[in-house]
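J.: show me how the following folds:
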Amino acid sequence: MNEIISLKIDNEEVLCAELTSRENLEVIAVCESGNIVLFDCETKKNKMFNKLSFNPYQLNLQIHCYQNYVAIVQKNGTCGMVINLADKDYQKILKRGDYCAQVSIFPIAFYSKENQTFLIHGTDWNRLDITCLESDELLTNRTIDYDSDSNYLDYFHSSITVSPDAIYFVSNGWIWHPCGQLTFYSIDDFLKKFELSHQNIYLADKFLSFDWDRPLCWINKTTLAIGFSRNTESYGETKFPNELLFVNILKNKIVNRIEFDGFAITDQGDVSGELFYDSEKAQLIGLNNKTGVHISDFQGNEVYKNSSFTSHKYSPKHKFFYKIGKKNQTVEFEKILI
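T.: Numbers count the residues shown, from 1 in each chain. Okay, here's the model as predicted:
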């Protein structure tokens, strides 16, 4: 499948857009005016849905979609909001502290349990909260006090991801001075002990890396695939390939590792990009804005690559790549048949 569809949003410049995660092909778009527009790719019709509660030009925007809910946040800022595509009047305002926000992605993740939807969201540099979106009930009210060490963790949260069964989540953050440090949590334990319930995930005996928000994805309920660069994490050795490490979070142990050439390399030698897992094909998909897409099997064998996909995104829901054209207001879909 290779199709280009015009978004046809009259007199509006699209600043940010993503496919929703609902069954139909839909794009949620944020315009320069702050208007939030829902575009149906099948009927080619769009409708004004809501308006941002903050200035869309302040900082880069990031959109997270989960069923009917959409979170729009300043990627490296302090403001965000949640809307509900099934309820036009629904709106939840998000705020987090500004300490080092410019280098920490606004933490956002959804999960469902017992027919309710919950949002894990950052409210300060070292604090995550969990809110039930249907009732707006905050489940993690507490006091964090440095002097008494009450609920205090010296850790900068950044991007987060929830396990497929909604039992665990991982924060892809960092510690001073500064270096990346993955932490993982049981959601049930977090609701009782908050950040103090964390466990560190160690990727090397000798750890030296500026790499947080590194590419990672869940392979199953307890296993993470994590992007790893030997360039920095072996203290400057550069003759080794980049890898994927498979970590069992319950054992806190690397259970497998494969060569994987699906990431861009930063100026510091760290890995960057996105990582996805196609469970039906048992394939790993790396996507970045420098080398495009790279797909491999579980043994590390290259299945497909395309260096022209540097502006593309990937939809795990629909299993295809797409690209939003901001200036000409188009969305281009492309499905790779392997």
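J.: isn't residue 150 right up against residue 194?
T.: No - using CB atoms under 8 Å, residue 150 is not in contact with residue 194, being 10.1 Å away. Just so you know, the C-beta spots here come from the backbone N, C-alpha and C atoms, and that holds for glycine as well.
J.: quick one: which of those two has more around it?
T.: Of the pair residue 150 and residue 194, residue 194 is the one with more neighbours under other CB atoms under 10 Å, namely 20 against 11.
J.: helix, strand, or coil at the more buried one?
T.: Judged by DSSP: H, G, I helix; E, B strand; the rest coil, the three-state class of residue 194 is helix.
J.: now it, nearest residue through space, not along the chain?
T.: Nearest non-adjacent residue to residue 194, counting by CB to CB, 6 or more residues apart in numbering: residue 151, 5.3 Å away.
J.: quick one: residues contacting the one you found.
T.: 142-145, 194-196 (CB atoms under 8 Å, 6 or more residues apart in numbering).
J.: check what pLDDT residue 203 gets.
T.: pLDDT recorded at residue 203 is 85.
J.: right, and it touches residue 211 too?
T.: No - counting by CB under 8 Å, residue 203 stays clear of residue 211, with 9.4 Å between them.
J.: higher neighbour count, the two?
T.: A side-by-side neighbour count of residue 203 and residue 211, using other CB under 10 Å, places residue 211 first with 25 against 20.
J.: quick check, residue 252 in contact with residue 199.
T.: Yes - between residue 252 and residue 199 there is a contact under CB under 8 Å: 6.5 Å.
J.: re earlier: would you list the contacts of residue 151 in JSON lines and tack on pLDDT and distance to residue 298?
T.: Shown next, in JSON lines, are those (pLDDT from 0 to 100; distance: CB to CB, whole Å):
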{"residue": "142", "pLDDT": "97", "distance to residue 298": "41"}
{"residue": "143", "pLDDT": "95", "distance to residue 298": "46"}
{"residue": "144", "pLDDT": "95", "distance to residue 298": "41"}
{"residue": "145", "pLDDT": "93", "distance to residue 298": "46"}
{"residue": "194", "pLDDT": "98", "distance to residue 298": "36"}
{"residue": "195", "pLDDT": "98", "distance to residue 298": "34"}
{"residue": "196", "pLDDT": "97", "distance to residue 298": "36"}
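J.: where does the protein have its least confident helix or strand?
T.: helix 230-233 (a mean of 58; mean pLDDT, DSSP states H and E).
J.: so, low pLDDT: which residues of the stretch 1-150 of the chain?
T.: 1, 58 (pLDDT under 70).
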